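*Asks:* Everything below, folded, please.
(chains A, B, C and D)
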There are 2 protein chains.
Amino acid sequence: MKIGELSQRTGIPARMLRYYEEQGLLASERSANGYRAYDEADVERATRARGLVQAGLSTRLAKVVLDVERQCALAQPTCSRELAEMLATELTALDDRLACLTKSRDAVARYLSLTRNGDLVRGPGAA
Amino acid sequence: MKIGELSQRTGIPARMLRYYEEQGLLASERSANGYRAYDEADVERATRARGLVQAGLSTRLAKVVLDVERQCALAQPTCSRELAEMLATELTALDDRLACLTKSRDAVARYLSLTRNGDLVRGPGAA
DNA sequence: CTAAACTTTGACATCAATGTCAATGTCAAG
DNA sequence: CTTGACATTGACATTGATGTCAAAGTTTAG
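*Replies:* The predicted structure is shown next:
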C-alpha cells in the first residue's frame, strides 16, 4: 500500500511516517515510481513506533527498542556488554514509566467509578 | 525546604519545578522572603508530575490527572459528564500507552536474558 | 561587614516532534 | 490529453519542554 493508505489505517499523518522513516523507526520499499510501498505488517510497525514516541521515548531510543524487539525473534541474539548496560538502564526507566502510568490509570478509573461514571470504563487494566 | 533541596532530592532541575508550578502541576507556599517553601509530600508530588510528563503526557493533561488523583481522596467526588467523557478517552489512551510500553519492556528484558546479560535485569514486571 | 551560595523573575536559546506549504512528478478517470 | 488526487523532497513555522543567562534580593559562613 502507499503512504496515504497507511496513514489512514494508522491515523498517523503521512508527514510523521516519513519522519519516522528518516529516523530509522520504519522502513519502506520503493515502487518503480519512487512511491513508498508498505505491506500489512507495516501497519503494526508504524503503530508501535508511534506508540513508543507518544509514550515519551525519543525517536532515537524508540529505534533501539524496536530493533531489540526484532532481534528477539532471532535464534541467538548477541550484544556488547555496553549495549546491554544501556538497555538495562532504559529498562528501569521503562519500569518507572509503567509504574507511574499505572498509578494514574487506576486513579482515573477509580475516579470515574466514584463519580458514577463507571459505565464509561470498559478497557483492560486493574480496577 | 527550599527549591534547591527539592531539586536535589528529586533530581528535577529547579527550572522545571518552577515551570511545573507555572503550569499548575505543583503548588508551593512562599516564605516571608518570597522563597518557595516545600514540604516532604512535595517530593513525591514533584516526582509524579515529572513522571507523567516523561511518560508523554502534556503538562496540561498531567495537571488534570494529578487533580483527579487528589479528588479520589475525597469522600464523594463529583464531575460533569463532559469531564467524565474526556477522562474516559484519556483512560483508553493511557491503556494504549501501558500496553505499548509493557510490550517493549518485556522485549528488552527478554533480549537481555537471551544475550546472557540477564544479570542486569532485576526490577519488577513480568519476564 | 563581606563574599559565596541560593532564590526570584524574566528573557532568550535550543531541540525534538509536528504542522504547513511549495514545486514537481505520477497516476487514474473522463 | 487534461484534470484531480496523491506522492516526493525540502524549506519554513510552531509548540512544548528544557537549558542558560542576567539582574537583583536574601541568607549564611567567616
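*Asks:* how about stretch A:40-59: buried residues?
*Replies:* Under the neighbour-count criterion of 16 or more other CB atoms under 10 Å in any protein chain shown, stretch A:40-59 has A:42-43, A:45-57 buried. Placement of C-beta: from N, CA and C, glycine included.
*Asks:* From those, which land in helices?
*Replies:* Within the buried residues of stretch A:40-59, residues falling in helices by DSSP state H are A:42-43, A:45-54.
*Asks:* Near DNA strand D, which residues of chain A? Just list them.
*Replies:* A:2-5, A:7, A:14, A:18, A:34-36 (CB under 7 Å from any atom of the strand).
*Asks:* now the helices: where do they sit in chain A?
*Replies:* Under DSSP H, chain A gives helices at A:3-10, A:14-22, A:40-54, A:59-72, A:81-114.
*Asks:* Give me the below-cutoff pLDDT ranges for chain A.
*Replies:* A:123, A:125-127 (pLDDT under 70).
*Asks:* Contacting chain B as well, which ones from the buried residues of stretch A:40-59?
*Replies:* A:48, A:51-56 (CB under 8 Å from any CB of the partner chain).
*Asks:* Return the closest of these with respect to DNA strand C.
*Replies:* Proximity of these to DNA strand C (CB to the nearest atom of the strand) peaks at A:V53, which lies at 5.0 Å.
*Asks:* how far away is the closest one from DNA strand D?
*Replies:* According to CB to the nearest atom of the strand, to the nearest Å, A:V53 stands 13 Å off from DNA strand D.
*Asks:* Please name the residues that touch that residue.
*Replies:* Each residue near A:V53 by CB atoms under 8 Å, 6 or more residues apart in numbering or on different chains is listed here: A:20, A:25, A:59, A:62, B:56.
*Asks:* re earlier: of all the helices of chain A, which one comes closest to B:A109?
*Replies:* Nearest to B:A109 among the helices of chain A is helix A:81-114; the distance by CB to CB comes to 6.2 Å.
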